[in-house]
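Colleague: A structural model of the following input is requested.
(2 chains, ligands or ions: 2)
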2 protein chains.
Amino acid sequence: MGKKMAEEKLTPRNENYSEWYNQVVLKADLADYAPVRGCMVVKPYGWAIWENMQKELDRRFKETGHVNAAFPMLIPKSFFEKEKEHVEGFAPELAVVTVGGGQVLDEPLVIRPTSETVIGYMYSKWIKSYRDLPVLINQWANVVRWEMRTRLFLRTLEFYWQEGHTAHSSAEEAQEETIRMLNVYADFAINEAAVPVIRGVKSETEKFAGAVNTYSIEAMMGDTKALQAGTSHNLGQNFAKAFDIKYLDQNNTQQYCWTTSWGLSTRFIGAIIMTHGDDNGLILPPRLAPYQIVIVPIYKNDAERSSVMEAVEKVQKQLIQFRVKLDDRTEVTPGFKFNEWELRGVPLRLEIGPKDVEKGSVMAARRDIPGKAGKSILLQENLAPQVQAMLDTIQASMLQRATDFRDANIHNANTYDELKEIIQNGWAESWWCGSADCEAKIKEETKATTRCMPFDQPKTEKGKCVYCGAEAVKKIYFSKAY
Amino acid sequence: MGKKMAEEKLTPRNENYSEWYNQVVLKADLADYAPVRGCMVVKPYGWAIWENMQKELDRRFKETGHVNAAFPMLIPKSFFEKEKEHVEGFAPELAVVTVGGGQVLDEPLVIRPTSETVIGYMYSKWIKSYRDLPVLINQWANVVRWEMRTRLFLRTLEFYWQEGHTAHSSAEEAQEETIRMLNVYADFAINEAAVPVIRGVKSETEKFAGAVNTYSIEAMMGDTKALQAGTSHNLGQNFAKAFDIKYLDQNNTQQYCWTTSWGLSTRFIGAIIMTHGDDNGLILPPRLAPYQIVIVPIYKNDAERSSVMEAVEKVQKQLIQFRVKLDDRTEVTPGFKFNEWELRGVPLRLEIGPKDVEKGSVMAARRDIPGKAGKSILLQENLAPQVQAMLDTIQASMLQRATDFRDANIHNANTYDELKEIIQNGWAESWWCGSADCEAKIKEETKATTRCMPFDQPKTEKGKCVYCGAEAVKKIYFSKAY
Ligand SMILES: [Zn+2]
Ligand SMILES: [Zn+2]
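Modeller: Numbers count the residues shown, from 1 in each chain, chains lettered A, B, ... in the order given. Ligands and ions are numbered 1, 2, ... in the order given. Down below sits the predicted model:
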């Protein structure tokens, strides 16, 4: 299952970034193409990353008072027509079931592209009084959007995600929830995935179909393109009105709820790959890596083997709190194993050979610093804290490196010419008048889209729109994006 | 959200078992009907049971060497025609996507009813050599089968399950895997869910479409009907040949793999409800209950309230290793809370009132023994081990009670008249000649189906088929079933 793949070199990133990405996904055994166009198989190694992500996200959702549930995948087509903007946004992307049990269905059913509609319908049945609020539900689910141009993890017909759907008794509370969950995503991205995302609000054009406001976390990939890594939507009363989600308030008056929704998907795995990867392959953050450590025994003959394996066993026993892979294959060389586990992004490699047996040492090799510079000698005695410290250092330095890279590639663009130059290889931060027209023209002429208006804005300063020169009060990022 | 429901009494089981079941599911807030016929919404309380089941099953899968992955939901329709028996079994139940992105599709896509076909296709790409074997993959997924008569959890168009799919280099190893996973299911059912299942092999008629042999765990519900609670299939080389899953063996010869599949679904939640529930509602086994303990404070005035809540807080702190719900609502009475949490099946209720504050005590009420007989006084001091012991006792006595009930309702049927009598209220254990004809006649005439031939068979004894009188070497269970 892909064992021979590590032998061939990857296409270097600066030669063809897109090709490099595809090769990493396939050769690191993260995912494969399914028989249906645009669908993917997430292989065990890729799915283990997702499971680690799920654990960390789910913990945060529960700590902020949310519970999980499961809503159905099949939604009556008519539901999509109830919210005007929602239908316009999603109608072109729907997969439609027209036959069930050998019969043509009276009403076609849609496979959920997102679940605001069916959840709105259920909430309208469940919510009666202010005492029922807030409702704070999340679901882990698969969804289908009929995309034309697909890439493994980044854009697939079916993908996996979580979608939170909440209902509140005031606009303020809904807004607080929207920002709370955006912050949960940012905290997860930064502290678990070492992906230094920027929080901000999307433009009207780029917001979710049916939302009042969409907030996003935006990440910079290794080729400086942007990737929207998670979104949190304040839906106002739009879906409450479309689906009749009402409650009796404390004065016995019927009110519409205020709702939110927020999602993060397997797309984020693409963000991890492209934030950290190098020409040797994947580099996984220790906190999410399926294997944090790979142990490679090194020996030349049976006598060496037996003493080395004895040491390996002792080392393994000390490291039970970590996710450890022992690569004891005999049919491939240590060098082959080094390449393979580098390609697959294991953060820390421990080599144990006859000299280590003699000296009570272990050779440690950091994935994030290739070659000799990343090597150091640890002691077998009391190994766990040394390894923990090293994994913490790797996690921190991956975040630092990605942050430095991001900051080095965001530039102020004061003129449209500057903007055009900057977005060739980075993000342009510019004053923008807020007009969808300027945004559309820039997109048409440069292929750069607006990413978000960061929370961190100049306090009093104003400026001129980078495109039309009109007065502007907000800065926004322009860049090419996935 | 259902808070008022506990006020109305349930229909007693002996009056209308089916109605009792539906009421429990809805009133205990486990699930609700979705807008699409036959689909369900699993509500947070129901989903929490499933999450606890997932944790226990997933742990066992990983301990037996399996890894998780995710295969696509959409499968080309033609895949179902590759295995002759499989297509016959599943063709009538398929949901078919014919439109995607506004276009009629060249080839219709089926929403997976089970994934042998698409996984077989992928395995044929991945498996090259004996070194790649065994492949031991599981997935947690939703599937759709177009059922005509549906019941929440028991039979729904969309349901949730896990499906394991393994490939091996010998028939023996595949058979071992099939039995290993059946035993995992039995161990889970008995020791986590307190559902005393019987392991056995299905008849040819009742086996999975495309399998060589299907093994099942069969459970007896509170109305003595059977419920197939999990299945493990030895697929032989049927799917390997249909999907060309081949490997080079150690002699460099191409061989077809031997494959297995095994699944357990949200249907099992129905088995828990109907194995343990009583006329007051759900009784959940402590090891899977979302809340193992509910604490109900009892007070008449503010002064009492403050001392009671102080004691409650101390008790809560002692019980952090358990899943505890503190019901501190002020708008409903303690009596209302007792009924509600009984209905919702929380295994242990702890009441703390002014007298308990005085005496340093806690009143414990076991859900499995209603009324005074289930009440006892615990000490606040060193509470955790007392509670643990009580939960263990509840778990064990739920299993014992269900086992006794099952054994009391299985009877030997030596004649067809006896069989007809027994299956009115129990399972008949009978000699059966193995003919599908006899099986079909019995089903037609009595509505009883064969459940399984239990592993535990008479060693040398032989008998006469309960229907045709021909010589028989196997005993089998006949019963009405869900
Ligand atoms: Zn402008
Ligand atoms: Zn017979």
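Colleague: number of nearby residues for A:Met309?
Modeller: Look at A:Met309: counted by other CB atoms under 10 Å in any protein chain shown, it has 16 neighbours. From N, CA and C alone the C-beta is placed, and that goes for glycine too.
Colleague: that one against A:Pro297, yeah?
Modeller: Yes. Because the distance of 6.0 Å satisfies CB atoms under 8 Å, A:Met309 is recorded as touching A:Pro297.
Colleague: for these two, list the residues in contact with both.
Modeller: Common contacts of A:Met309 and A:Pro297 (CB atoms under 8 Å, 6 or more residues apart in numbering or on different chains): A:Asp328.
Colleague: how close does A:Thr393 sit to A:Glu342?
Modeller: Plainly put, A:Thr393 is 18 Å away from A:Glu342 if you go by CB to CB, to the nearest Å.
Colleague: of the two, which one has the most company?
Modeller: A:Glu342 (21 against 14).
Colleague: the more buried one - nearest residue in space that isn't next to it in sequence?
Modeller: Excluding the flanking residues, the one nearest A:Glu342 by CB to CB, 6 or more residues apart in numbering or on different chains is A:Asn280, at 4.8 Å.
Colleague: do the same with A:Glu81
Modeller: A:Val87 (5.2 Å).
Colleague: which helix or strand contains that neighbour?
Modeller: helix A:84-90 (DSSP states H and E).
Colleague: what's in contact with the next helix or strand after that helix?
Modeller: Once the chain leaves helix A:84-90, the next helix or strand it forms, by DSSP H and E, is strand A:95-100. For strand A:95-100, the surrounding residues in contact (CB under 8 Å, 6+ apart) are A:74, A:77, A:104-105, A:108-111, A:144, A:146, A:157, B:74, B:94-101, B:108-109, B:111, B:146, B:157.
Colleague: 6 Å instead?
Modeller: Strand A:95-100 is contacted by residues A:105, A:108-111, A:144, A:146, B:95-100, B:146 when judged by CB atoms under 6 Å, 6 or more residues apart in numbering or on different chains.
Colleague: likewise stretch A:410-423?
Modeller: Residues from elsewhere that reach stretch A:410-423 (CB under 6 Å, 6+ apart): A:Gly426, A:Trp427, A:Ala428, A:Glu429, A:Ser430, A:Thr446, A:Ala448, A:Val466, A:Tyr467, A:Phe478, A:Ser479.
Colleague: tell me if that stretch is near ligand 1.
Modeller: No. Using CB under 5 Å from the ion, stretch A:410-423 never reaches ligand 1; the gap is at least 10.1 Å.
Colleague: surely A:Leu318 touches A:Asn382?
Modeller: For the record, residue A:318 is Gln, not Leu. No. At 8.1 Å, A:Gln318 does not count as touching A:Asn382 under the criterion of CB atoms under 6 Å.
Colleague: neighbour count winner among those two?
Modeller: A:Gln318 (17 against 9).
Colleague: quick one, what contacts A:Ala174?
Modeller: Contacts of A:Ala174 (CB under 6 Å, 6+ apart): A:His168, A:Asn234, A:Trp258, A:Thr260.
Colleague: what kind of secondary structure is it in?
Modeller: Look at A:Ala174: counting by DSSP: H, G, I helix; E, B strand; the rest coil, its state is helix.
Colleague: the closest residue to it other than its chain neighbours bridge partners, please.
Modeller: Closest residue to A:Ala174 apart from its sequence neighbours, by CB to CB, 6+ apart: A:Trp258 at 3.6 Å. Beta-bridge pairing of A:Trp258 under DSSP bridges involves A:His168.
Colleague: verify the stated contact: A:Trp258 with A:Ala167.
Modeller: No. In this structure, A:Trp258 is not within contact of A:Ala167 by CB under 6 Å, at 7.3 Å.
Colleague: pull the number of nearby residues for A:Leu383.
Modeller: 18.
Colleague: excluding chain neighbours, what is closest to it?
Modeller: Per CB to CB, 6+ apart, closest to A:Leu383 is A:Gln318, 4.7 Å.
Colleague: could you measure that neighbour against chain B, distance?
Modeller: Using CB to the nearest CB, to the nearest Å, we find A:Gln318 at a distance of 22 Å from chain B.
Colleague: same question, A:Lys314
Modeller: Taken as CB to the nearest CB, the span from A:Lys314 to chain B is 23 Å.
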